[in-house]
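S.K.: generate coordinates for the sequence data below:
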Amino acid sequence: MVPPACAARAGGLLAWVLVLAMPCVASAQFLRIGPFNFTAKAKLEGVYTTNVEQERPSEATADREDYYLITGLDLASRAEMSPNTALDIETGVAIEKHFKRPDLDNSSDPFGKLKLSALTELGHYTFNAFGGVQRTSESAESTYDPEGRKKRDVQDKYEYGVGMNWKRGGVTLEGSYDFTSERHAQAEFQDADQDEQTVNFLAGWRITKNVGVSYTMERTKTDIINDPDSGAGWLTTENISLDWLLPILKRPSLTYSLGVEKEDTDEKKGKWEPTHTLTLSDAWDLSPVLRLSVGVSYSYEQNPEANDVALTGFVGLQHEVGQTAMQTLTLSKEPVRTLGSTAETDNTSVHYNFTKRDLFVYNLTWTIDVDYSLDKPLDSIDEPETVWTYGTGLMHSRALSRKIERQLAYRYDREDSNLEDEILDEHRVTLSYVYTF
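M.R.: Reported below is the predicted structural model:
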């Protein structure tokens, strides 16, 4: 097998792989580069799928069935540069070769990533910084094709940021700046090119065990590169709140937050408006194998936004079935027109999961997932949507040697909506080999 690092040299933007100075030979030389001791994994994966782009039949513009190969290499390492400073590096590259859908190949533009992050602790201060680049590719409808056929949208994402944290006693100060840039290789997708900046600041004081006060400020700005006039400028959101763990009940936990909030833009200054949040949560062990969790949260704003939900609640049940099986059931509710709620849709969701390890043979895992969702729009003209989602899968892993692991997996997923005439489903079989250097 040709190591993916060799193929990645043709990837243009992924020339950063050369920084690792890795020879195109799978050997122990991968593990030590300067101060870094890398954990290196190479992967060869074969996939058969009946719905390669997760589309309904009428949405497909090409064959939905496909089988393809994926070769990949991932490396990760942490170097202790000093007793107080650590430097982490993550990098990887992956190439897909499709046999029935060659339009989905990415051999000329391999997927890849490189991320560096550093953390330094100096007394009560903690400083962090990170930077990275990532290339991804996804299927998108061609703007220039009158038949609406799809093609690969290759995009590069650049990001970097810095942050600081100071803690002493019950006082906390935090600040950070993040920058993200998205660029698309093909001209027809470059309308989505954008830069996003985020500035965060937090000052908090834990006055007592049950009482705390905080101030938060977030400034965000998104620039659409190829449409300068569409920029909305900076949006600044400030919040001052008093959090109080109410000693009314020993159980469940009851927390009340009283605050004021405002939003400013470059064109308009906002006004301070009161906010209230009441949260109740707890968990009980009904038996050694059965655990119940509940939670309710109610929020109020003087001038809430259109999609704010005033009341949310959930109930969760976790059941251990023997030593190798677990099942969970979760119910959540976001009702409209309840205690001043401004939600446009009444949502009810139910999720069930069953996992059985060592089914019949060691390391064979069976999973079942069932999801139910009911959305009732506030506007009675629109029809409520009911969505059932089913999924089941088998996965068997086996160590072929001290360094090679084989995984064989089958997965079936199905989505049925009363607003859709067709079922969205997929059968997927995956055989993968992972080599750990």
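
S.K.: neighbours of D285, just the number please.
M.R.: Using other C-beta atoms under 10 Å, D285 has 10 other residues around it. C-beta coordinates here come from the backbone N, C-alpha and C atoms, glycine included.

S.K.: where does the prediction get shaky in the stretch 301-437 of the chain?
M.R.: Residues of the stretch 301-437 of the chain meeting the criterion pLDDT under 70: 302-309, 335-345, 378-380.

S.K.: quick one, strands of it?
M.R.: Ranges of strands within the stretch 301-437 of the chain are 311-321, 325-334, 345-356, 364-377, 385-399, 404-417, 424-436, based on DSSP state E, counting those that start in this stretch.

S.K.: among those, which is nearest D105?
M.R.: With C-beta to C-beta, the closest approach to D105 among the strands of the stretch 301-437 of the chain belongs to strand 424-436: 18.3 Å.

S.K.: before we move on, the earlier item: of the strands of the stretch 301-437 of the chain, which is nearest Q134?
M.R.: Q134 sits nearest to strand 424-436 of all those, at 21.4 Å, using C-beta to C-beta.

S.K.: ok so, going back, include distance to L114 and mean neighbour count when you put the strands of the stretch 301-437 of the chain into CSV, please.
M.R.: Formatted as CSV, these follow (distance: least, C-beta to C-beta, whole Å; neighbours: other C-beta atoms under 10 Å):
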stretch, distance to L114, mean neighbour count
strand 311-321, 39, 16
strand 325-334, 37, 16
strand 345-356, 34, 17
strand 364-377, 32, 16
strand 385-399, 28, 15
strand 404-417, 25, 15
strand 424-436, 21, 16
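
S.K.: in CSV: the ones you listed, plus distance to W166.
M.R.: Shown next, in CSV, are these (distance: least, C-beta to C-beta, whole Å):
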stretch, distance to W166
strand 311-321, 33
strand 325-334, 37
strand 345-356, 40
strand 364-377, 43
strand 385-399, 45
strand 404-417, 44
strand 424-436, 40
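
S.K.: from Y256, how far out is the residue of the chain most remote from its centre?
M.R.: Here the chain reaches farthest from its C-alpha mean at I248, the gap being 37.2 Å by C-alpha atoms, centre = their mean. Computed as C-beta to C-beta, to the nearest Å, the I248 to Y256 distance reads 10 Å.

S.K.: before we move on, what about Y68?
M.R.: Y68 is 54 Å from Y256, by C-beta to C-beta.

S.K.: can you list the weak-confidence ranges in the stretch 51-200 of the chain?
M.R.: 144-149.

S.K.: now the helices for it?
M.R.: With DSSP state H, counting those that start in this stretch, there are no helices along the stretch 51-200 of the chain.

S.K.: checking the residue farthest from the centre of the chain next. Helix, strand or coil?
M.R.: coil (DSSP: H, G, I helix; E, B strand; the rest coil).

S.K.: hmm, it is touching L278, no?
M.R.: No - contact criterion C-beta atoms under 8 Å: I248 and L278 do not qualify, at 11.4 Å.
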